[in-house]
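Participant: After the sequence you'll find the predicted model.
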Amino acid sequence: MPQKNKATDGYKQLSEAITSGHVEGLYIFYGEERYLLERCLIELRKHLCPDGLDGFNYRRFEGRSLTAETLDDAINTLPVLAEKTLLEVHDFDIFKHEQKEILNELFKDLPDYVCLVFIYDTVQYKPDGRIRLNVEIQKNAQVVEFTVQSPDKLVNWITRHFADAGKKISKTDAQYLSFITGGLMSSLHGEIGKTAAFAVGDTVSRDDIDAVVTPVLDAVAYKLTDALARRDHQDAMRILDELLRMREAPHKLMFSISLKMRQLLAARVCLDSSSGKEALMDICGLREDYKAKALLDTARRLNIAECRDAVLFCAETALDLNSTSEPEVRMTELITRLAHRKDQTDTGI
C-alpha cells in the first residue's frame, strides 16, 4: 500500500494501484504538471467507472458551491453494481472551509466503497498544520504532487511521442523544444503534434520547431539576452517587440528580462572563477543543464562589467515602471541603453 501523505511520482503510483486493485479511499492531487494529473484521472475513471461517467457511480463537484453536507450525502450513497463510487472535488480549499470539523469527521471514517479525490488547479493546495483536519489528512490521504519531470525523462517522452507520429528528433532539438515550451507536458503534447504535422521528411529540425511553436516568456527573454550578447541590436529590438506583443503585463516582462540578466551575471562570475555549469545551476536554481549551457555560452561574449551594468540598468527601469504611463517606451529605452553600453565597450569608450 502506498505511504500516506507523501508527494510521489503520481502517475506511476496510481497506475500500480489500479493494476494491483488497491485504489485508495482518499486522494489529493495537485502540482504544475497538469498533463500527468489528467492522465491519472482518466485511468482512475476508466478503472472505477468502466461504463462511463453518466452512471450513478461518478459524481463531480466544484469547490466554490460545495458544502460539507452535500459531500457527506455523496459519500454515503452506495455504488450501483460496482466496487466503488468515484467522487471528484475540484478546487475545494479544505483548510479554509468554514465546516472543517464536519470534514474532519468525514475523513476519519470513509466507507470502503468510496474513492474521494480532491483536485487543485486554480486554488493552491496549502496544508495548515495548526488545525486538527491536517492530522486526519496525514493519516488517511494519499497526497500526490505532479511535478515538472526531469530533463532526461522529458527528452525520452518527447522522443517517444515524435516516434508515435512517425518522426525522429535529436536529443539537442528535444531539449530545445522542452526549453522554449517551459518543460510542461501539457504544453509539449500539443506542440509535438503541430511540429510533427509541419515537418517534411522523417526528422524534425530546429527550423521546424521555430516555425510552428510559440515560445514561453522565459524562453523569449533568453533569446533577448543572447541577441544583445551577439551585439545584434536589430534582432534584440525585434525580440522586444515580440515580447510586447505577447500582451503580458509590463512588470512581468521586466521581471523576466531582469532575471535573465542576473543569471547572465552569475554565469559570467562562474566562468571567471572556473566554477562550471553545476555551480551555475545551483546558484540560479536551474533544473535543466540546457539552460545553464545557453547562459554560459552567452556570458562568454561579455565581460563582468557589461553584465553588472545590464543588471543595474534593468533595476533602474523596473523602478521607473512604477511611475510611468508609458512602460513600453521605458522598456525600449532599456534595450537601446544596453545596446549603447556595448557600443561604448566595442569602441573603447
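Facilitator: Arrived safely. Numbers count the residues shown, from 1 in each chain.

Participant: what's the closest non-adjacent residue to Glu288?
Facilitator: Pro151 (4.6 Å; Cβ to Cβ, 6 or more residues apart in numbering). No exception for glycine: its C-beta is placed from N, CA and C like everyone else's.

Participant: how about that neighbour, what does it touch?
Facilitator: Residues near Pro151 by Cβ atoms under 8 Å, 6 or more residues apart in numbering: 175, 178, 183, 287-290.

Participant: Mind doing that once more with 7 Å?
Facilitator: 175, 287-290 (Cβ atoms under 7 Å, 6 or more residues apart in numbering).

Participant: Val144 and Arg39, how far apart?
Facilitator: Distance of Val144 to Arg39, given as Cβ to Cβ, to the nearest Å: 12 Å.

Participant: Between those two, which has more neighbouring residues?
Facilitator: More neighbours surround Val144 than the other of Val144 and Arg39, with 25 against 17 (other Cβ atoms under 10 Å).

Participant: So for that one, what's the pLDDT?
Facilitator: With respect to pLDDT, Val144 has a value of 89.

Participant: Please apply the same query to the one 3 residues further on.
Facilitator: Reported pLDDT at Thr147 in the predicted model: 87.

Participant: Isn't it up against Gly31?
Facilitator: Yes - judged on Cβ atoms under 7 Å, Thr147 makes contact with Gly31 at a distance of 5.5 Å.

Participant: of the two, who's got more company?
Facilitator: Gly31 (17 against 14).

Participant: which residues sit in contact with that one?
Facilitator: 37, 145-147.

Participant: try 10 Å this time
Facilitator: The contact partners of Gly31, by Cβ atoms under 10 Å, 6 or more residues apart in numbering, come to 7, 10, 37, 120-121, 125, 144-148.

Participant: ok, now Ala249?
Facilitator: By Cβ under 10 Å, 6+ apart, the neighbours of Ala249 are 255, 321, 327.

Participant: Do you know the pLDDT at it?
Facilitator: 83.

Participant: and it, backbone torsions?
Facilitator: Main-chain torsions, Ala249, degrees, to the nearest 10: phi -60, psi 140.

Participant: same question, Asp93
Facilitator: Residue torsions, per degrees, to the nearest 10, at Asp93 are phi -80, psi 90.

Participant: Also Ser170?
Facilitator: Backbone dihedrals for Ser170, given as degrees, to the nearest 10, come out at phi -70, psi 160.

Participant: So it sits against Ile209, correct?
Facilitator: No - using Cβ atoms under 10 Å, Ser170 is not in contact with Ile209; the gap is 11.0 Å.

Participant: Filter the contacts of Pro151 down to the buried ones and hand me the PyMOL line.
Facilitator: Remark: buried members of the contacts of Pro151, expressed as a PyMOL selection using 16 or more other Cβ atoms under 10 Å:
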select buried, resi 175+288+290
